[in-house]
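[1] sequence below, structure please.
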Amino acid sequence: MSSNIFSLKLILGKAAKSSVALTLLLLLLGSGLGVVAAYLVVSGDWQIALILIACIPGLVLLHKYPFFAIIVWLVLTPFLLHTNTEAQRGVYWIIHRGVPPLTIGIILVSSALHIQRRNLPRLSLAELAMAGYMGVSLLSIYFQNEDPRATTYLFYDRVIIPMCLYLIIRLSIANEKQMMWLIPVALFTSLSQSIIGVLSWFAPRMLPVDWLSGEAGRTVGSLVNTSVYTVTLVFFGLLILHDALNLRAGSFRLLLIFSFLLSAYSVFISFSRASWLAGILISLGLVYLYPKFMLKISLIVLPLLVGLLGLIFTSQIQWARERLYSAEAERSALSRLPVMYAAYRMFEAKPFFGWGYGNFDLYDRPFQGRVAELSNDNKDHASHNLYLTVIAEQGLIGLALFIGPVVWLLVKSVRRLPQLPESGFWNRKLLIILWLVIISHIVVNNFANMRVVFGLGMWWITLGFIANLVYDPQWSAGRITINPKAKALLKDHLPSILQ
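    Predicted coordinates for the structure are as follows:
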């Protein structure tokens, strides 16, 4: 019995030390943030000071619920992509550049100091490939780029931070309960971005100029780019549809389905042919997953659309025809061939390490030439293919490391799928839904070079959820756990110790 009491006291002692460590850590951070906040107030940047003052409760929240960082990033980042003031830029720095790495640091420090016990997952080949890609990319920037400092900032925003979002999901071991937190976020984002998209067509004066596409006839919401707009609506639209068909009933179910249909319409009015192709593939996937629902919705929605075509959507249908069949649409599509050919020739010249991260536009011009009957039109076209850009800039090594996590998780998903439950939210259909989102990214990225941070973040967030589903769908994440032996000791001997 004495040994048991000793073990129990040792456990309680560790818990007390963890509490002291947490208190000291919070005091240290609070003191530092207080000094910085005071300086900002004196300097006139009181908006940023207010955010810093809120950091202490924010840090406590992130410590207990690291997944909250994903929620904050998903809600705020779409409205911070256009920063016209210093205050807006400061908020962008905090939310996008600061919160994700800070959250990872909190998770690791908390685990190392035993402040909050988490069984951190083991690294898989997916995470190792991600680390390898970051390493070779930074070396590429250092040795091959003319402006390493500026390019490193871009790399931090476009690659490191999105990968941090993936790691937050993996390290916090986000499970079904936490993923359900995304449903209100998904509903808000899908509705808000869809409404912004519809208003950009029917009442553009109601929107800020930054939210109107610079390219005529495209819809971007507040997300800068049409490709980012559509993959965002695909992710959130599919998520709320999955929730509606598996867990909901009544009026809330109807609201979720309406939001999904509005998202689908918004993808159509993006007038991106790549997004249309992705939408067709996703529709086929939904027919496989939910055949009865898709049949019912077709019987209800299609007659309604036919009735409205001649009343409201005449101009949009006409523009859709222009996007598909006009001579200008054909020239737009064919004009990308010289750039694709240039990427292939750049790869031939440097097949292993490429021309350097971020250097495609610097070196592609001499490699452009005649493709079939299409000659060079003397315009310096930008790349419209993410994967050709990667292989031209970083060679086979960079491309293999970039797509390695996707390939690895796909193999693991095929093996894991039969073992997942058939009902509930965290089920087989959810895994397929997430892969439909990845398919939409892959299709769009074959016709666009994704550079907007929100779209890149959505890619890695989706892969993070896939990884958690694949490796263990039954995790109990983010909770302080007590060893079963310690729990038995507490139950049997705590009264005698307190006496």
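[2] where does the chain have low pLDDT?
    Across the chain, the ranges flagged by pLDDT under 70 are 1-56, 116-118, 213-217, 306-316, 319, 321, 324-330, 332-333, 370-382, 472-499.
[3] so what are the domain limits for it?
    Per the record, the chain has its domains at 2-120, 125-471, by automatic domain parsing.
[4] got these as a markdown table, with mean neighbour count columns?
    Glycine gets a C-beta too; all of them are placed from N, C-alpha and C. Shown next, in a markdown table, are those (neighbours: other CB atoms under 10 Å):
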| stretch | mean neighbour count |
| --- | --- |
| domain 2-120 | 16 |
| domain 125-471 | 18 |
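[5] what about residue 396, which helix or strand?
    Here residue 396 sits within helix 386-416, counting by DSSP states H and E.
[6] and that helix, what does it pack onto?
    Under the contact definition 3 or more CB pairs under 8 Å, 6 or more residues apart in numbering; DSSP states H and E, helix 386-416 sits against helix 125-144, helix 337-349, helix 360-363, helix 428-445, helix 453-471.
[7] residue 388: which of those helices is closest?
    Closest to residue 388 of the helices and strands packed on helix 386-416 is helix 337-349 (CB to CB; 3.8 Å).
[8] check which helices and strands that closest one is in contact with.
    helix 360-363, helix 386-416.
[9] export those to CSV and tack on distance to residue 78?
    Below are the helices and strands packed on helix 337-349 laid out as CSV (distance: least, CB to CB, whole Å):
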stretch, distance to residue 78
helix 360-363, 26
helix 386-416, 21
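[10] out of the ones you listed, nearest to residue 61?
    So among the helices and strands packed on helix 337-349, helix 386-416 is nearest, using CB to CB, at 28.9 Å.
[11] and the angle from that closest one to helix 453-471?
    Orientation note: helix 386-416 sits at an angle of 20 degrees relative to helix 453-471 (axes from the mean of the first three to the mean of the last three CA atoms, to 10 degrees).
[12] following the helix or strand containing residue 75 in sequence, what is the next regular element?
    Assessed by DSSP H and E, residue 75 sits inside helix 68-76. Moving toward the C-terminus from helix 68-76, the next helix or strand (DSSP H and E) is helix 86-92.
[13] and that next one, what does it pack against?
    If you count contacts as 3+ CB pairs under 8 Å, 6+ apart, helix 86-92 packs onto helix 46-53.
[14] any figure for the gap between the residue lying closest to residue 260 once chain neighbours are set aside and residue 289?
    Here the nearest residue to residue 260 in space, its sequence neighbours aside, is residue 241; by CB to CB, 6 or more residues apart in numbering that works out to 4.3 Å. Using CB to CB, to the nearest Å, residue 241 is found at 10 Å from residue 289.
[15] what does residue 251 give?
    As defined by CB to CB, residue 251 lies at a distance of 24 Å from residue 289.
[16] now do residue 165
    Look at residue 165 and residue 289: by CB to CB, they are 26 Å apart.
[17] same thing with residue 219?
    Residue 219 is 27 Å from residue 289, by CB to CB.
[18] what's the answer for residue 339, then?
    Residue 339 is 37 Å from residue 289, where distance means CB to CB.
[19] likewise for residue 418?
    16 Å.
[20] find the nearest non-adjacent residue to residue 84, please.
    Per CB to CB, 6+ apart, closest to residue 84 is residue 210, 7.4 Å.
[21] do residue 345 as well
    residue 367 (4.3 Å).
[22] ditto for residue 264
    Distance criterion CB to CB, 6+ apart; nearest residue to residue 264, sequence neighbours excluded, is residue 237 at 6.5 Å.
[23] same question for residue 428.
    That would be residue 420: by CB to CB, 6+ apart, it lies 4.5 Å from residue 428.
[24] for that neighbour, what are its contacts?
    Taking CB atoms under 8 Å, 6 or more residues apart in numbering, we find residue 420 in contact with 426, 427, 428, 431, 469, 473.
[25] let me know the closest of the residues you listed to residue 200.
    In terms of CB to CB, no member of the contacts of residue 420 lies closer to residue 200 than residue 431, at 34.1 Å.
[26] the closest one touches residue 416, doesn't it?
    Yes. In this structure, residue 431 is within contact of residue 416 by CB atoms under 8 Å, at 7.5 Å.
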